[in-house]
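> Predicted model, plus sequence, below.
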Amino acid sequence: MYDAAVVGAGFGGLAAAADLTSKGYNVVVFEASNELGGSAGQFERNGYRFQSGATVGMGFEPGGVLDSLFGRLGIEKPSMKSLDIIMDVHLPDRTIHYYRDRNEWYKEMARVFEGPGTAFENFYDEVFKVGRLVDQLTDKLPVFPPRTWGDYAHLLPLVNESSLRLLPYMTQTVEDRLKKHGLDQHRMFRTFLNGELMDSVQTSVENCPAFLGFAALQTFHKGAFAVHGGLAEAAGKLAAYIREHDGDVLMRHPVHSIEKGDAGFTLHSKRNSTFEARQVILNNSVHNLHDTLTEELSSQSYIRPQKETAKKAWGAFIIHGGVDADVFLDTDVLYHQFIDPDHPDDLHNGGQFLLSLSDLEDTRMAPEGKRSFTLSTHTDISPWWKAGHYEDEKRWMKEKLLRTVDHYFEGFTDQLDLVLPGTPVTFQKWLRRRDGKVGGYAPTGKYSWLTSYSVRTGIPDLYQCGDTVFPGAGTLGVTLSGLMAAKQAAKGLK
């Protein structure tokens with residue numbers, strides 16, 4: 001019998017498994033596919049390597065979440081390039097260079113945004129202040145939102161003068177804070193923030209709790225990296241650590257069902273194989289929770305299927321492709337965001353989307369003289385499952401995104417070498433995300449964080465992590481939730 005079983009080899013699951021392994025526990029990780037990293041995994045086609053979803057490396061800066069984890073484990077970080085400009089944000093009348101350095105960003109805001117005095121600086125001063133306070137709390141890996149009296153008890157030591165300063169930001173939205181600074185009617189700044197929040201928190205200023213939005217915005221400025229070979233290189237190092245320390249990472253081993261017995265849990269995998277574990281951590285998204293558990297076990301969870309299905313979640317339309325390197329010779333920036341300012345609230349279906357380019361120095365990502373790229377935009381899920389419209393919708397979206405990039409980088413469409421579009425249907429097929437939902441849940445107001453799911457499932461000794469669990473999406477967020485789940489599982493193993 002294993003001490004712990006982890007279902008899903010995304011960053012959350014691998015972080016949890018590696019952390020438990022480092023404490024001497026016997027751990028097994030089950031991965032349904034043949035690739036590590038989950039939504040930050042990779043695949044190869046025609047000499048190109050593509051990242052499935054997430055592409056920007058976060059948390060690798062000194063003292064960052066992944067830097068600290070790799071340091072504790074004694075693992076060397078993969079080769080990567082630090083980004084002075086996180087991304088270029090393209091609008092029809094201007095390009096915003098989104099600098100990592102705080103002072104450079106303040107200068108850039110003064111250049112591109114016309115507004116009242118120091119309002120933009122004051123707003124970002126608040127972003128950094130609140131972001132630091134959130135970091136101080138999440139570094140302690142609390143169960144949040146608290147589900148048990150024990151969770152509340154563990155939060156009490158964290159209640160001090162600093163944490164109490166967070167309270168106003170837990171009862172307001174980002175838009176409320178914009179009003180405080182006289183910036184709520186500044187259309188261009190609001191459009192910019194909507195783009196960044198949609199990318200990181202899956203929502204817009206009017207729906208985003210202030211403390212979550214500020215924590216996300218400040219994360220961009222702590223450190224952003226292009227990981228050579230793709231983020232899956234980091235996932236591979238975590239998996240190698242687990243194996244080298246007598247743990248198991250089983251690829252192509254989907255877990256079909258989990259049941260509870262007297263001694264622990266029984267996990268059913270392929271060809272009727274079964275595995276026993278004392279503790280279980282699910283990294284296969286809350287969307288899939290009730291598909292994974294037996295009916296008896298599922299009924300014990302506080303997460304109800306009807307309420308889970310009703311929570312707002314996005315799908316993604318994505319294009320993986322290859323292009324001649326000459327198209328981007330005039331820019332050193334690897335990440336580009338395109339926003340339509342005439343429709344600032346239309347943040348999906350191509351109204352806002354990202355272009356990620358492979359680094360020219362990274363020869364594993366593309367043939368010589370070529371670059372691999374990824375285009376991705378949020379999309380409503382339901383239209384993609386309507387029979388008769390699928391191919392037309394996919395063609396229309398593909399042409400819209402490619403045409404927009406060609407407007408800013410002339411010759412892009414003429415020098416395409418490979419184009420592979422993907423939809424929510426694709427994400428369900430290859431990543432087993434139910435209905436193709438990715439990126440976690442979209443906040444819907446200032447108190448929406450209260451309905452977030454914590455690492456607890458409500459079932460003793462069975463935990464969860466990943467983008468559908470607080471603190472949410474991105475490799476940084478899912479890694480934190482994995483460490484939170486591992487902390488709770490370790491308590492049950494002592």
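Perfect, thanks for sending it. Keep in mind that this is a model prediction, so the values were computed, not measured.
> And for F275, the neighbour number?
19 (other C-beta atoms under 10 Å). Every C-beta, even on glycine, is put in place using the N, C-alpha and C of the backbone.
> pLDDT wise, what is the nearest residue to it once chain neighbours are set aside at?
Nearest non-adjacent residue to F275, counting by C-beta to C-beta, 6 or more residues apart in numbering: L267, 4.7 Å away. L267 carries a pLDDT score of 97 in this model.
> Over to H343?
H343 is assigned a pLDDT of 63 by the prediction.
> Ok, the one 10 residues further on next?
Confidence per residue is given as pLDDT, and for F353 that number is 94.
> how about the CA coordinates for the host helix or strand of it, as PDB?
Element membership of F353 [criterion: DSSP states H and E] is strand 352-357. Taking C-alpha atoms only, strand 352-357 is exported to PDB below (Å, rounded to 0.1, in the frame of the first residue of the first chain):
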ATOM      1  CA  GLN A 352      -8.400  39.300 -26.200                       C
ATOM      2  CA  PHE A 353      -5.800  36.700 -27.100                       C
ATOM      3  CA  LEU A 354      -2.200  35.800 -26.500                       C
ATOM      4  CA  LEU A 355       0.700  34.900 -28.900                       C
ATOM      5  CA  SER A 356       3.600  32.900 -27.400                       C
ATOM      6  CA  LEU A 357       6.700  32.600 -29.500                       C
END
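> For it, which strands pair with it and how are they oriented?
strand 335-339 (antiparallel), strand 370-379 (antiparallel) (DSSP bridges).
> buried residues in that strand?
Q352, F353, L354, L355, S356, L357 (16 or more other C-beta atoms under 10 Å).
> So which of the strands paired with strand 352-357 is nearest P471?
strand 370-379 (19.1 Å; C-beta to C-beta).
> relative to strand 335-339, how tilted is whatever helix or strand comes next after the closest one?
Note on strand 370-379: by DSSP H and E, the next helix or strand toward the C-terminus is helix 390-408. Angle, helix 390-408 to strand 335-339, by axes from the mean of the first three to the mean of the last three C-alpha atoms, to 10 degrees: 110 degrees.
> Mind listing what's buried along helix 390-408?
Buried, per 16+ other C-beta under 10 Å, within helix 390-408: E393, K394, M397, K398, L401, L402, T404, V405, D406, Y408.
> doesn't P421 make contact with the fourth one?
Yes. Between K398 and P421 a contact is recorded at 4.7 Å, counting by C-beta atoms under 8 Å.
> shared neighbours, those two?
With contacts defined as C-beta atoms under 8 Å, 6 or more residues apart in numbering, the residues shared by K398 and P421 are I319.
> and the closest residue to F412 other than its chain neighbours, how far is that from Q415?
Closest residue to F412 apart from its sequence neighbours, by C-beta to C-beta, 6+ apart: D406 at 4.3 Å. Using C-beta to C-beta, to the nearest Å, D406 is found at 10 Å from Q415.
> cool, V323 as well?
On the measure of C-beta to C-beta, V323 and Q415 end up 6 Å apart.
> try V134
Counting by C-beta to C-beta, the gap from V134 to Q415 is 43 Å.
> ok, and the closest non-adjacent residue to G439?
A473 (4.7 Å).
> Next, count neighbours for that neighbour.
24.
> So L293 sits against V255, correct?
No. Counting by C-beta under 8 Å, L293 stays clear of V255, with 10.1 Å between them.
> what pairs with the residue nearest to T374 when sequence neighbours are not counted across the strands?
Take T374 and drop its neighbours on the chain: the residue closest to it by C-beta to C-beta, 6+ apart is S356, 4.5 Å away. Beta-bridge partners for S356, by DSSP bridges, are Y335, T374.
> So for V323 and Q415, which sits in the more crowded spot?
More neighbours surround V323 than the other of V323 and Q415, with 26 against 15 (other C-beta under 10 Å).
> and that one, what are its phi and psi?
When read as degrees, to the nearest 10, the backbone of V323 gives phi -150, psi 150.
> which residues sit in contact with it?
Counting by C-beta under 8 Å, 6+ apart, V323 has contacts K370, R371, F373, F412, Q415, L416, D417.
> Widest-spaced pair of those?
Farthest pair in the contacts of V323 (C-beta to C-beta) is K370 and F412. Separation: 13.1 Å.
> So what's the residue count around the closest residue to G47 other than its chain neighbours?
Distance criterion C-beta to C-beta, 6+ apart; nearest residue to G47, sequence neighbours excluded, is P367 at 4.5 Å. Close neighbours of P367, defined as other C-beta under 10 Å, add up to 14.
> Over to S22?
Residues near S22, counting by other C-beta under 10 Å: 17.
> now it: how far from G264?
From S22 to G264 the distance is 22 Å (C-beta to C-beta).
> residues near E161, how many?
Number of residues near E161 (other C-beta under 10 Å) recorded here: 6.
> got the contact list for it?
Contacts of E161 by C-beta under 8 Å, 6+ apart: none found.
> what residues go with each domain of this protein?
2-40+62-69+229-310+444-493, 102-108+117-186+194-218, 314-436 (automatic domain parsing).
> Name all residues that make contact with S200.
A216, L217, T219, F220, A473, G474.
> how does it look with 7 Å?
A216, G474 (C-beta atoms under 7 Å, 6 or more residues apart in numbering).
> do the same with L137
Neighbours of L137 in contact, by C-beta under 7 Å, 6+ apart: L158, S163.
> Please state the offset of whichever helix or strand it is part of from the chain centre?
In the assignment (DSSP H and E), L137 maps to helix 119-138. How far helix 119-138 lies from its chain's middle: 20 Å, per C-alpha atoms, centre = their mean, to the nearest Å.
> tell me which residues of it are tucked away?
119-120, 123-124, 126-127, 130-131, 133-135, 137-138.
> Please export the C-alpha coordinates of that helix as CSV.
Listed next in CSV are the C-alpha coordinates belonging to helix 119-138 (Å, rounded to 0.1, in the frame of the first residue of the first chain):
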residue,chain,number,x,y,z
ALA,A,119,-3.0,58.1,-10.2
PHE,A,120,-1.5,55.1,-12.2
GLU,A,121,1.5,54.9,-9.9
ASN,A,122,-0.7,55.2,-6.8
PHE,A,123,-2.9,52.4,-8.1
TYR,A,124,0.1,50.1,-8.7
ASP,A,125,1.7,51.1,-5.4
GLU,A,126,-1.5,49.6,-3.9
VAL,A,127,-1.2,46.5,-6.2
PHE,A,128,2.3,45.8,-4.9
LYS,A,129,1.4,46.4,-1.3
VAL,A,130,-1.7,44.1,-1.3
GLY,A,131,0.2,41.5,-3.4
ARG,A,132,2.9,41.3,-0.7
LEU,A,133,0.3,40.8,2.0
VAL,A,134,-1.4,38.0,0.0
ASP,A,135,2.1,36.4,-0.5
GLN,A,136,2.7,36.4,3.2
LEU,A,137,-0.4,34.5,3.9
THR,A,138,-0.2,32.0,1.0
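> what kind of secondary structure is the residue lying closest to D151 once chain neighbours are set aside in?
Distances taken as C-beta to C-beta, 6+ apart place V143 nearest to D151, at 4.3 Å, with adjacent residues excluded. At V143 the chain is in coil, as set by DSSP: H, G, I helix; E, B strand; the rest coil.
> isn't V143 right up against Y152?
No. Using C-beta atoms under 7 Å, V143 makes no contact with Y152, being 9.3 Å away.
> These two: which is more packed in?
V143 (21 against 12).
> Can you show me the strands along the stretch 51-200 of the chain?
80-82, 85-91, 94-99 (DSSP state E, counting those that start in this stretch).
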